[in-house]
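Engineer: got a predicted structure plus its sequence, pasted below:
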Amino acid sequence: MNGLGLWLRRTHRWVSMVFTLTIVANFAAMAQGVPPAWVTYAPLAPLALLLLTGLYLFVQPCLARWRTNTHHG
């Protein structure tokens, strides 16, 4: 795996932990009553990063195969 792929995989793992913590904080805040808007929307930023990095990591093996087939075919 190239340097970018490794970096994105590590980033994806760390962002998933941040996302999980924001969800836990959200539920904890809801247990106390109506949470402030910033608590409710806090998971959206890590979720967007997870979407982008996850899509790249998902497509990466297909792109590698396509590149290999293109150069040898």
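Structural biologist: On my side now, so go ahead. Nothing here was measured: the structure is a model prediction, and the numbers come from that model.

Engineer: contacts and neighbour counts: CA atoms only from here.
Structural biologist: Noted.

Engineer: now do the helices in the chain.
Structural biologist: Ranges of helices within the chain are 3-31, 37-41, 44-72, based on DSSP state H.

Engineer: any idea how far Thr68 is from Phe58?
Structural biologist: 17 Å (CA to CA, to the nearest Å).

Engineer: run a quick neighbour tally on Pro46.
Structural biologist: 19 (other CA atoms under 10 Å).

Engineer: what are the buried residues along the helix-or-strand element of the chain with minimal mean pLDDT?
Structural biologist: Here the helix or strand of the chain ranked lowest by mean pLDDT, DSSP states H and E is helix 44-72, holding a mean of 89. Across helix 44-72, burial judged by 16 or more other CA atoms under 10 Å covers Pro46, Leu47, Leu49, Leu50, Thr53, Gly54, Leu57.

Engineer: now, which of those residues sits nearest Val39?
Structural biologist: Pro46 (12.9 Å; CA to CA).

Engineer: so who does the closest residue to that closest one other than its chain neighbours touch?
Structural biologist: In this structure, Pro46 finds its nearest non-sequential neighbour in Phe19, 5.4 Å apart by CA to CA, 6 or more residues apart in numbering. Residues near Phe19 by CA atoms under 8 Å, 6 or more residues apart in numbering: Pro43, Pro46, Leu47.

Engineer: make sure the second one is actually in contact with Val18.
Structural biologist: Yes. Counting by CA atoms under 8 Å, Pro46 sits close enough to Val18 to count as a contact (6.9 Å).

Engineer: can I get the buried residues of helix 44-72 in JSON lines with distance to Pro35?
Structural biologist: Shown next, in JSON lines, are the buried residues of helix 44-72 (distance: CA to CA, whole Å):
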{"residue": "Pro46", "distance to Pro35": "19"}
{"residue": "Leu47", "distance to Pro35": "19"}
{"residue": "Leu49", "distance to Pro35": "23"}
{"residue": "Leu50", "distance to Pro35": "24"}
{"residue": "Thr53", "distance to Pro35": "29"}
{"residue": "Gly54", "distance to Pro35": "29"}
{"residue": "Leu57", "distance to Pro35": "34"}
